[in-house]
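S.K.: Give the three-dimensional model of this entry:
(2 chains)
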Amino acid sequence: ETGVTQTPRHLVMGMTNKKSLKCEQHLGHNAMYWYKQSAKKPLELMFVYSLEERVENNSVPSRFSPECPNSSHLFLHLHTLQPEDSALYLCASSQTLETGQTNTGELFFGEGSRLTVL
Amino acid sequence: GQSLEQPSEVTAVEGAIVQINCTYQTSGFYGLSWYQQHDGGAPTFLSYNALDGLEETGRFSSFLSRSDSYGYLLLQELQMKDSASYFCAVRWGGGFKTIFGAGTRLFVKA
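M.R.: Residues are numbered from 1 along each chain as shown, chains lettered A, B, ... in the order given. Predicted coordinates:
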């Protein structure tokens, strides 16, 4: 148990469907992330939220839409996806510090949502 | 662009020592981390190096040379449960961004 919970664990959707992935962290962290993990490829950083404000959007297609309603919850809304979007989507959280402070930046990951697009 | 290179696979025997290397190319470097991921599980944090040198945590050690943009993870007294994927990761971009290598699959044989 990492303190980061993702639902659903598995999702199969057609290209015309709309679905959402949910992430909840119970660690009191102030930053949350979405990563995409495909076989034999690096984890791809998709979105970063710090203090509920999006601070990074790595040129992700608009068919992926993130939402961070509060510091404990993060969503990834999916619509009109393509088969190449099939992957493991990982949520993570961390504690960012004030300027001048340092920490390891350790990311706490959920177990991921396995998405298959037909 | 930002990139990390690490071997795709390493095989070692139980009780041995194995070193997994990582070279990186990034701007605004904050530190190098290592994560372990078992099949079907979440990546979990192993170590972090912000400064040059060796950090030791039990059977695992991690090394960083900032001038060479190079680091490694050293696993000693290998156990079967160490069979997993190991990712090096660089923290940059104001500390908000962590990018990962493609991972090294470690197979530990009896």
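S.K.: tell me the contacts of the closest residue to A:R63 other than its chain neighbours?
M.R.: Leaving out its chain neighbours, the residue that sits closest to A:R63 by Cβ to Cβ, 6 or more residues apart in numbering or on different chains is A:T80, at 5.2 Å. (C-beta placed from N, C-alpha, C; glycine too.) For A:T80, the contacting residues are A:15-16, A:63, by Cβ atoms under 8 Å, 6 or more residues apart in numbering or on different chains.
S.K.: Check B:V18 too.
M.R.: Counting by Cβ under 8 Å, 6+ apart, the residues that B:V18 touches are B:10, B:12, B:74-75, B:78, B:106.
S.K.: can you list the residues of chain A near chain B?
M.R.: A:2, A:4, A:31, A:33, A:35, A:40-43, A:45, A:48, A:50, A:55-56, A:90, A:96, A:102, A:104-112 (Cβ under 8 Å from any Cβ of the partner chain).
S.K.: For those residues, which ChimeraX command selects only the ones that are buried?
M.R.: Buried residues within the residues of chain A next to chain B, by 16 or more other Cβ atoms under 10 Å in any protein chain shown, are selected in ChimeraX with:
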select /A:2,4,31,33,35,42,43,45,48,50,56,90,96,104,105,106,107,108,109,110,111,112
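S.K.: pLDDT weak spots in chain B?
M.R.: Residue ranges of chain B with pLDDT under 70: B:94-95.
S.K.: Show the contacting residues for residue 25.
M.R.: Chain wasn't specified; assuming chain A. Going by Cβ under 8 Å, 6+ apart, A:Q25 touches A:3-5, A:32, A:72, A:74, A:91, A:93, A:108.
S.K.: try again with chain B
M.R.: Taking Cβ under 8 Å, 6+ apart as the definition of contact, the neighbours of B:Q25 are B:1-4, B:69.
S.K.: May I ask which of the residues you listed has the most neighbours?
M.R.: When neighbours are taken as other Cβ atoms under 10 Å in any protein chain shown, the top entry among the contacts of B:Q25 is B:L4 (22 neighbours).
S.K.: Name all residues that make contact with the closest residue to it other than its chain neighbours.
M.R.: For B:L4, the nearest residue in space outside its immediate sequence neighbours is B:G101; the separation is 3.7 Å by Cβ to Cβ, 6+ apart. B:G101 sits next to A:42, B:4-6, B:22, B:24, B:87-89 when contact means Cβ under 8 Å, 6+ apart.
S.K.: List only those of those flagged as buried.
M.R.: Among the contacts of B:G101, those classed as buried by neighbour count (16+ other Cβ under 10 Å) are A:42, B:4, B:6, B:22, B:24, B:87-89.
S.K.: closest to B:Q37 among those residues?
M.R.: Sorting those by how near they are to B:Q37, with Cβ to Cβ, puts B:F87 at the top with 6.8 Å.
S.K.: any idea what that closest one is structurally, helix, strand or coil?
M.R.: Using DSSP: H, G, I helix; E, B strand; the rest coil, the secondary structure recorded for B:F87 is strand.
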